[in-house]
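A.B. asks: Here is my input; please provide its structure:
(2 chains)
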2 protein chains.
Amino acid sequence: MNQPTHSWVKTVQLTQPTLANNTADVDRLIDALKSDLNTNHIRIDLDLMRTLPALVRQSEYHLRCILFKDGPQWLLVGITAGRNDRAVAGIALDLGTSRVVLRLVDLTTGSVLGETAMDNPQIAVGPDVLARIHYADRSDRRTELQQLIIDDLNTHIEQLCRSCKLAPTDVYLISAAGNTTMTHLFMGLESRFIIREPYIPTVNRPGIQKTRDLGLTVHPNARVLIFPNIGSYFGGDLIAGILFSGIHRQEETGILVDVGTNAEVVVGNHDWLMACAGAAGPALEGGVSRMGMTAGPGVIERIRIDSETGRWDLDTIADQPPRGICGSGMIDLAAQLFVTGMLDIRGKFVQSACADRLEKKNQLYRLVVVPASRSASNQALTISQADIDSLIRSKAAMYTILETITSHVGITFNDLSTFYVAGTFGAFIDPAAAIAIGMIPDLPLSTYRSIGNSSLEGATMALLSIDAIDEIDWIRDRITYLELNVNQDFMNRFSAAKFLPHTDHSRFPSVMIPEHNAVRE
Amino acid sequence: MNQPTHSWVKTVQLTQPTLANNTADVDRLIDALKSDLNTNHIRIDLDLMRTLPALVRQSEYHLRCILFKDGPQWLLVGITAGRNDRAVAGIALDLGTSRVVLRLVDLTTGSVLGETAMDNPQIAVGPDVLARIHYADRSDRRTELQQLIIDDLNTHIEQLCRSCKLAPTDVYLISAAGNTTMTHLFMGLESRFIIREPYIPTVNRPGIQKTRDLGLTVHPNARVLIFPNIGSYFGGDLIAGILFSGIHRQEETGILVDVGTNAEVVVGNHDWLMACAGAAGPALEGGVSRMGMTAGPGVIERIRIDSETGRWDLDTIADQPPRGICGSGMIDLAAQLFVTGMLDIRGKFVQSACADRLEKKNQLYRLVVVPASRSASNQALTISQADIDSLIRSKAAMYTILETITSHVGITFNDLSTFYVAGTFGAFIDPAAAIAIGMIPDLPLSTYRSIGNSSLEGATMALLSIDAIDEIDWIRDRITYLELNVNQDFMNRFSAAKFLPHTDHSRFPSVMIPEHNAVRE
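C.D. replies: I've put the predicted structure just below:
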């Protein structure tokens, strides 16, 4: 995937000027590139014009050029001597609300040189998008929020380059994918109208900017591509995800799902793309139960309950004593509780089946997942009925969104050739468990494909392929955004989806429902 | 001419965003402009993105936009509230080697608001192009030379704006036309290879740059268009001149001549353009005779000699006592001396006809133009045989260049519908006198048209018409440059032209040759 199909780096040998061929240095170079790239429009900056005459003569008219593309126009971003040992590099950025990932790539070979990550320092003023937008209501604070992330990026860029024996000035291209708010704060743009009806971002297509206009300290002439968004709730990270998934290039219809606090969904093929986003609730992100948390050492990521022996098997991250459970572990747990008969189809604890694992405290039932004696904190890890109820609302929302968008475009789940699951969630989720609780449709497991940090991967593609950059705008302009109206139709679907796996069991033929649970039918 | 055909200023009323129409602010504006301008490519700077959300809401979605065009891409340069009393202005620059002229125009109405001129401060390091290029051989001195002109421009821009009750920040667009060297020094570009074989400029098409990258203190987001050149010896001032003359738009073939130390000539029509440049000698620029000078108060601009009475009538600039004579006055004088029989066809003083106006000093004849008693300096103003010889070489060079280029394209002088004469020289020259000495062809006087500072006028057009800016590149790319080879053919023509008006008198039927002068034939 990282092999550059058409690299942004071009080496050219110019013909030497003569009395009969007295084209200027700059125009000589541009004419050569024009014919190489088959374009009429190449732009060069004044900085490069100033240094070219000496460089072109020293290097005997043999030059290495770093280009980028901005709509119809190619940008000549950097020029070095043609024979050169120094790598020319690019950095792909995944601008997450919580985490920011930086990947250094060699623009010539397409190889990944290194990768690093950092917490988004804007967390200091607010953990989520909403809090940061409120904070950035004043323009000096907008500048402050931008400076926070730019400063930390500069530090990490410097470290990342150094670890690969490069300097920041070797970095000529950056591509940044993030949600609409993160992108706005990265550029120092007004974000207040993103969260105020009718939810208008400042910009949908930020295009290509000079890195120095953003304060990034890389090559002084470097450019940054900022992925476009479809609106306040469908950001450039998802455009990058689509680019990486390739659903827009395929004849068969695919679907891409990215789940966080919001569930973002794109369905389509090379003819059309339909997208929507909806609140899936906090259950899938961590934070849901008192023991819920994001992935980390000691977090339970996998649970198996033997229905014969009643024995529980827990896998924790890094094999540490259990400390809590993350979103994907919750799904695994709920699925196991359901298929072993400890949860009924309404998602309520079945006392007889739960036996002595069930406790009642403050009028609320809770189930002991890990007894105090075996947990990292020496306190029992439990899950309450409220936690399960919350998870069921989230999974029902997810399923309803999937049902709504597919029925809107007139297809069934069986029409989907591939079901891409993006992000950390996608990396950890067990599709079989998610199917068992009716969160995702009952498709063959081979249909599901986890594509990891597709935002970072898409950003990387933009650095390594000329074709990819044209696809970005193509994707953005091709997507139809479906506004999810929470109307009676939606609510009916949602209500039907609040059962395990669904009111209409025939939709989940692979899920075996314990006999004593089927009573309600 | 100054009425804008398609102004760079557009006022747009945007539809207000709704839940159903939630395009971002920037994209909403750009989409409106795209449909207005019938283009797919508009670029906006980050600065403008930052201020747009507040501005668009304060002005109720009614905006005034200042645009410019860079190849295939429109640039959104400035945005103000739609209802606005403040003018948006542009400045046209004629970057002369000796003088720089600034013209302030209202971009909305197309009217000229004011004009000013200044000496080119680079004169301090060298009077001509050659001296300045030698000086700028070191990069720190290149910066110094650029700073000299930028500083003075900033001062004059500030004064010019103030005199028109505007501020420099009201200036959004600048267009600059100058010869290739002045343009390079204006941008701080390497100029050393311009004068070294094979005479390669750094750039032919500098395009549009940010004014702040050049150090010009106008609107921080303003742009400057720098006219392209054809090579080291055919600069943007001439492209601007062609644009203003309009020969490239006409069906009939015209010719444009700009005379300084070099004579630059373009001949053509809407199908083709052929250009050349050649040394015309210093005779036509001032500096030739001891009393020669550039136009100014007391300078003789017109001479009439009554052949019957022998009476001399002199017109001086501003009617001041005579101080000297300029290039056009020299032509007038030579023509009058010739037609009254005081010069023979070889350009030698005829003793009998000159009578007591002729003096001999240091073996050299000289003619008293103004006796000491009537000159401003109380010293006689005289013209020597050497001065006349120099003038004749210059006029012969001019005529030979005209003959060479027309014969190269296979036309005769009679095929020329209009003969444009540009610059100060064109403003003062009397075509009848120039014909009398055989400097320019013997065409009907109505064929000759003086077009003044066509470089400044062409630069002004670029600010006031969208069409003009496309024409600039069209003109540049259409011109074929004819390298003047000083071969035997050229020398034969030159020798034949060194007579008054020409060896072949039949070419100048309107010129009456005094009988005693015709002896040679």
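
A.B. asks: Low-confidence stretches in chain A?
C.D. replies: A:1-5, A:261, A:281-295, A:516-521 (pLDDT under 70).

A.B. asks: How much space separates the residue nearest in space to the middle of chain A from chain B?
C.D. replies: Closest to where the C-alpha atoms of chain A average out (CA atoms, centre = their mean) is residue A:455, at 3.9 Å. Noted for residue A:455: a distance of 20 Å to chain B, by CB to the nearest CB, to the nearest Å. To be clear about C-beta, it is placed using only N, CA and C from the backbone, and glycine gets the same treatment.

A.B. asks: out of everything not next to it in sequence, what's closest to that residue?
C.D. replies: With sequence-adjacent residues excluded and distances taken as CB to CB, 6 or more residues apart in numbering or on different chains, residue A:455 is closest to residue A:237, at 3.8 Å.

A.B. asks: Just the buried positions in the strand or helix carrying the one you found, please.
C.D. replies: Counting by DSSP states H and E, the element that carries residue A:237 is helix A:236-245. When neighbours are counted by 16 or more other CB atoms under 10 Å in any protein chain shown, the buried residues of helix A:236-245 are found to be A:236-245.

A.B. asks: And those residues, which is closest to chain B?
C.D. replies: Distances from chain B to the buried residues of helix A:236-245, taken as CB to the nearest CB, are shortest for residue A:236 (12.3 Å).

A.B. asks: ok, for the closest one, nearest residue in space, not its chain neighbours?
C.D. replies: residue A:227 (2.8 Å).

A.B. asks: for the one you found, what are its contacts?
C.D. replies: Under the criterion of CB atoms under 8 Å, 6 or more residues apart in numbering or on different chains, the contact list for residue A:227 reads A:175-178, A:183, A:235-237, A:239-240, A:458-459, A:462, A:472.

A.B. asks: Kindly indicate the member of these with the most neighbours.
C.D. replies: residue A:459 (37 neighbours; other CB atoms under 10 Å in any protein chain shown).

A.B. asks: so it sits right up against residue A:177, yeah?
C.D. replies: Yes. Taking CB atoms under 8 Å as the contact criterion, residue A:459 and residue A:177 are neighbours in contact, 4.4 Å apart.

A.B. asks: and for those two, which residues touch both?
C.D. replies: When CB under 8 Å, 6+ apart defines a contact, the residues bordering residue A:459 and residue A:177 alike are A:92-94, A:227, A:240.

A.B. asks: Adding secondary structure, write those out as CSV.
C.D. replies: Conversion of the shared contacts of residue A:459 and residue A:177 to CSV gives the following (DSSP: H, G, I helix; E, B strand; the rest coil):
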residue, secondary structure
A:92, strand
A:93, strand
A:94, strand
A:227, coil
A:240, helix
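
A.B. asks: of all these, which comes closest to chain B?
C.D. replies: Using CB to the nearest CB, the shortest approach to chain B within the shared contacts of residue A:459 and residue A:177 belongs to residue A:227, at 13.8 Å.

A.B. asks: check which helix or strand covers the spatially closest residue to residue A:447 that is not a sequence neighbour.
C.D. replies: Once flanking residues are discounted, residue A:447 sits nearest to residue A:419: 5.0 Å by CB to CB, 6+ apart. When secondary structure is defined by DSSP H and E, residue A:419 falls within strand A:418-422.

A.B. asks: in its sheet, what does that strand sit against?
C.D. replies: Here strand A:418-422 has these sheet partners by DSSP bridges: strand A:254-259 (parallel), strand A:448-450 (parallel).

A.B. asks: Just the C-alpha atoms of it, please, in PDB.
C.D. replies: Taking only C-alpha atoms (Å, rounded to 0.1, in the frame of the first residue of the first chain), the coordinates of strand A:418-422 have been written out as PDB:
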ATOM      1  CA  THR A 418     -17.100  -5.800   2.500                       C
ATOM      2  CA  PHE A 419     -17.800  -4.300   5.900                       C
ATOM      3  CA  TYR A 420     -14.700  -2.200   6.900                       C
ATOM      4  CA  VAL A 421     -14.400  -1.400  10.600                       C
ATOM      5  CA  ALA A 422     -12.000   1.500  11.200                       C
END
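
A.B. asks: Tell me the gap between that strand and the middle of its chain.
C.D. replies: Between the mean C-alpha point of strand A:418-422 and the mean C-alpha point of its chain there is a distance of 12 Å (CA atoms, centre = their mean, to the nearest Å).

A.B. asks: Over to stretch A:62-75?
C.D. replies: Once both centres are worked out by CA atoms, centre = their mean, stretch A:62-75 turns out to sit 28 Å from its chain's centre.

A.B. asks: Repeat that for stretch A:482-502.
C.D. replies: The chain centroid and the centroid of stretch A:482-502 are separated by 25 Å under CA atoms, centre = their mean.

A.B. asks: Number of residues surrounding the nearest residue to residue A:70 once chain neighbours are set aside?
C.D. replies: For residue A:70, the nearest residue in space outside its immediate sequence neighbours is residue A:208; the separation is 4.4 Å by CB to CB, 6+ apart. Neighbourhood size, residue A:208 [other CB under 10 Å]: 20.
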